[in-house]
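Engineer: structure, please.
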Amino acid sequence: MPQAATLSVEVFDLLGQRTRKLVPPSRYSSGTHRIEWDGRDEAGHAVASGVYLLRVQVDDRVLSRKLTLLR
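Structural biologist: Next comes the predicted model:
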């Protein structure tokens, strides 16, 4: 991130249901940050292989990307 900002990261299934909140809205400093998803949902259960959507919000900007999870 080029400057400090509030960041949140979530994973959704293709039906639009949130699978996991990886990073609750928190303030992060500028620089490089690493976030990993272990392929589990909020309850700790392994999710199925397939396509998921990653939603990253930095302040008021939102970025979405497709993820493919292979087991």
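
Engineer: CA only for contacts and neighbour counts going forward, please
Structural biologist: OK.

Engineer: run a quick neighbour tally on Arg65.
Structural biologist: 10 (other Cα atoms under 10 Å).

Engineer: per-residue confidence at it?
Structural biologist: The per-residue pLDDT reported for Arg65 equals 97.

Engineer: relative to Ser26, how far out is it?
Structural biologist: 20 Å (Cα to Cα, to the nearest Å).

Engineer: what does stretch 34-43 contact?
Structural biologist: Residues outside stretch 34-43 that contact it (Cα atoms under 8 Å, 6 or more residues apart in numbering): Thr19, Arg20, Lys21, Leu22, Ala46, Val47, Leu69.

Engineer: mind giving me the packing neighbours of the helix or strand in which the first one is found?
Structural biologist: Counting by DSSP states H and E, the element that carries Thr19 is strand 18-28. With contacts defined as 3 or more Cα pairs under 8 Å, 6 or more residues apart in numbering; DSSP states H and E, the secondary structure elements packing on strand 18-28 are strand 5-12.
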